[in-house]
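Undergrad: Sharing a sequence plus its predicted fold:
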Amino acid sequence: MLKYGVFATLLLGGLVLLSACGKSEEVYGSGVDPDLPVVTVQEANFQPELLDTQVTMEGFIQSQCATSGCWFVLRDYSGQIFVDLSRHDFTLPEMGTRDVIASGKLITFNNNLMLEAHGVVVK
């Protein structure tokens, strides 16, 4: 009987640790839309049909607005893109280089491609 009690305690402790690990993601704005296509920076730049469409992009925060957190530069293995958060009225706290997933609309502003994000998940 004691053997099962120890096993149950270890199992419960493991589940608590696993659930604590899962809480490391932080969601901002409306979060990431799982139904949107995931594209790389290179695909966004070289597939004009993606302009003005909703997409999801993954990478890490290369740099970030230091004053209000209203934008960041997302870098993946193929390049970097400016991600604007201000148009959907949310910000990110200063967090340095972290993995990030962002969903939003690919647009151009001053002849530069950017992602107008409506949601972000920081890992």
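TA: Thanks, I have the structure now. Numbering: from 1, shown residues only.
Undergrad: Poorly predicted segments of this structure, please.
TA: For the chain, applying pLDDT under 70 flags the ranges 1-23.
Undergrad: At which residues are the helices of it located?
TA: For the chain, the helices defined by DSSP state H occupy 2-21, 41-46.
Undergrad: could you show me where the strands are in this protein, in order?
TA: Using DSSP state E, the strands of the chain run over residues 26-29, 54-64, 71-76, 79-84, 99-109, 112-122.
Undergrad: mind listing what's buried in stretch 74-90?
TA: Leu74, Arg75, Asp76, Gly79, Ile81, Val83, Asp84, Leu85, His88, Phe90 (16 or more other Cβ atoms under 10 Å). Every C-beta, even on glycine, is put in place using the N, C-alpha and C of the backbone.
Undergrad: what's the closest of the residues you listed to Gln62?
TA: Closest to Gln62 out of these is Arg75 (4.2 Å), distances taken as Cβ to Cβ.
Undergrad: and that closest one, bridged to which residues?
TA: Note on Arg75: beta-bridge partners by DSSP bridges are Phe60, Gln80.
Undergrad: That one and Glu58 touch, don't they?
TA: No. The criterion here is Cβ atoms under 8 Å, and Arg75 misses it with Glu58 at 10.4 Å.
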